[in-house]
Structures are given as structure tokens and as C-alpha cells.
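Chemist: generate coordinates for the sequence data below:
(one chain, ligands or ions: 2)
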Amino acid sequence: MSTLNHLGYPSYPPTEIFTEDGLINILQLTDLHLSLDDIKSQDIKNNDNKITCKLNNYQTFIACLQQALNEPIRCDLILLTGDLVNEVKPEIYELIYLTLVETGIPFACIAGNHDVTDELGADLPFHNRTFIAHKPHSMLLSRHCIQLNNWKLLLIDSSVQGEIYGTVGNKNLNWLSQNLANSHYPVIIAMHHHVLPMDSAWIDKHITKDKAAFWHLINSKPSVKAVVSGHVHQFFEQQTEGIKVYTTPSTCYQFKPKSDDFAIEDHEVPGYRWLTLTKQNIMSSWVKRLSV
Ligand SMILES: [Fe+2]
Ligand SMILES: [Fe+2]
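Modeler: Ligands and ions are numbered 1, 2, ... in the order given. As a prediction, the model looks like this:
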């Protein structure tokens, strides 16, 4: 974090959050896909103060954040699960970082494929596109644990530089194994790529490739209560062997569920997820959609 620390924000990332009432409320925002053009054009209202054009990805990110923080629920942690940008530019990360710092709420960010892979020729057929590999920005965490009262949140980086699919990889598997072996606490794992098929051929080509090794590890660890991801730009919840698997709508556009070819779900609006953890080891989670 040397680049950002000199700006005066030394407390990132958080390592522990304790609350007096024993509740932890996590706000998950995912797949922001911000570009430089988005953050330059912010004028969306006419003289009557009505929204006059389609919101861009920066505006829907801000709208999701503001709507969530205006809800009658205290937010203890903001979790960003990857694809923060649509083009790898440090100034976009710095804007996101400053926006989150301004909330005064602890936050944590991990990488998605778009944070480590620039995709050139998005208007061309997939096999004609060029993929440029990048190192993840310093605000993106690779293996990080946050103690949340009597819960643990384990964040891992599933991105692969120059690729769209994800992997957990041996380093993350070993780190998870060590953390889970020593844990007497219920655990949530956060990562960008999905770990269960979505029944959608094109997005399932870009799944976590070594998901079998990941499931083999966590199925043997009863402390794991949930895996929360982004990447698929849609709502999904399933329980497998006592582990809840969540994916969450993007703060921008949504993919059409169960489509074998790439398709945008035009009528669906952006959203975000809440996860609530109690001291009695009870977890609940729900998705909210943006009201615009
Ligand atoms: Fe995405
Ligand atoms: Fe992604």
C-alpha cells in the first residue's frame, strides 16, 4: 500500500472489527467495471432535477453505495469482490479508494479478472480479442483475514493475470488450509470467481478452474459457513454440504441467467448484498436492487 499510504490512509486493510451489540453487517458490492470515461461524465440531471440519461457504471456504483448506506442497517464492513475497473488505470482505483475512505466505514477489496486483464477488441468475436496481463493494484488483497467478532472473513485472490477464468491455486489452498485448521470460529470465504456452475455455458467457461480442489478442502472443514463471489453479474444462492454459496448482482449491468451465449439482462437493475453475522453463529443474507 505504499502508493496510497503516503496519501494518509494507513489503516487499510482492516484486520479486526468488534461491535458492542454482537452483530456484524457486511455490504458486498461487486463488478463495478469503472472506466475513465465513466468517472469523467457525471452530469445526469436536467434543470428539473430528473434523471435524463442512462446511468453509467460510476453513477450506478455510487447510487448502490448511497442507497445501501441510507438503509436502516448499520454497515460495519464494505466488501468489494473484484472487477472494480473495466480498464486497468491507477487513477480509477484511487477514486474508488477515496470514495470508500469518505464513508468512514472499514472496507476490503479483492481482484477480479478485469483488474488483471485488459480486454482489447470487446466488439470482436471472443477468439479475436487481445488480452493484456497486469499486476493487481496495491489496494487489492491477495490473502487476507479479518476477524469480525466471533467470525472470520478469509479473502483470496482468484484472478489470473491475462486470463478471464479464475483459480484458487496452491498458495491460496495452503493458506486456507492453515487458517481453517486453526479456526474455532465460523468462516466466510470471499473471492471473485464462482465455485459452482451457473448452468450458463459461456460464463461457466470462466469459472474457478480448480474448484474441485477448493471444494475438497472446504468440505472437510465444518467451520466454513459460506462462500461469497461476484463475476457472474447475477443473483445466485445454493446450499452445498452445509455451506451457503452466494453470488451477487453487479453494481452495473446484469448477465442473463442460464444463457449459453453471452447475453445482457436488459430489464434487470444493479444490486448489492448484505450479510449479517450474529454472535450466536447465525448468518443471514439478502440482495437489494437499486431503486432508480
Ligand atoms: Fe464482472
Ligand atoms: Fe469477472
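
Chemist: list the beta-bridge partners for the most centrally placed residue in the chain.
Modeler: Nearest to the geometric centre of the chain sits T81, at 1.5 Å (CA atoms, centre = their mean). Beta-bridge pairing of T81 under DSSP bridges involves I110.

Chemist: likewise for L155?
Modeler: Residues in a beta bridge with L155, per DSSP bridges, are H144, A190.

Chemist: tell me, how many residues neighbour it?
Modeler: L155 has 24 neighbouring residues, counting by other CB atoms under 10 Å. For the C-beta atoms, the positions are set from N, CA and C on the backbone; glycine is no exception.

Chemist: also the one 4 residues further on?
Modeler: With neighbours defined by other CB under 10 Å, the count for S159 comes to 29.

Chemist: Three-state assignment for it, please.
Modeler: With DSSP: H, G, I helix; E, B strand; the rest coil as the basis, S159 sits in coil.

Chemist: got the contact list for the residue nearest to the centre of the chain?
Modeler: Going by CB atoms under 8 Å, 6 or more residues apart in numbering, T81 touches 28-31, 110, 112, 190-192, 228-231, 248.

Chemist: how does it look with 10 Å?
Modeler: 28-31, 108-112, 155, 158, 190-193, 228-231, 247-248, 273 (CB atoms under 10 Å, 6 or more residues apart in numbering).

Chemist: please list which of those residues also come close to ligand 2.
Modeler: For ligand 2, the contacts drawn from the contacts of T81 by CB under 5 Å from the ion are 112, 231.

Chemist: hmm, back to that, roughly how far apart are the residue nearest to the centre of the chain and T15?
Modeler: Applying CB to CB, to the nearest Å, the value for T81 to T15 is 19 Å.

Chemist: again with S291
Modeler: As for S291, its distance to T15 is 35 Å (criterion: CB to CB).

Chemist: more neighbours, those two?
Modeler: A side-by-side neighbour count of S291 and T15, using other CB under 10 Å, places T15 first with 11 against 7.

Chemist: in stretch 121-135, what counts as buried?
Modeler: H134 (16 or more other CB atoms under 10 Å).

Chemist: and the contacts of that stretch?
Modeler: 85-89, 111, 113-120, 159-164, 202, 205, 262.

Chemist: that stretch and ligand 1, are they touching?
Modeler: No. Stretch 121-135 stays out of contact with ligand 1 when judged by CB under 5 Å from the ion, the minimum separation being 12.6 Å.

Chemist: how long is that stretch end to end?
Modeler: 21 Å (CA to CA, to the nearest Å).

Chemist: then stretch 251-258?
Modeler: 20 Å.
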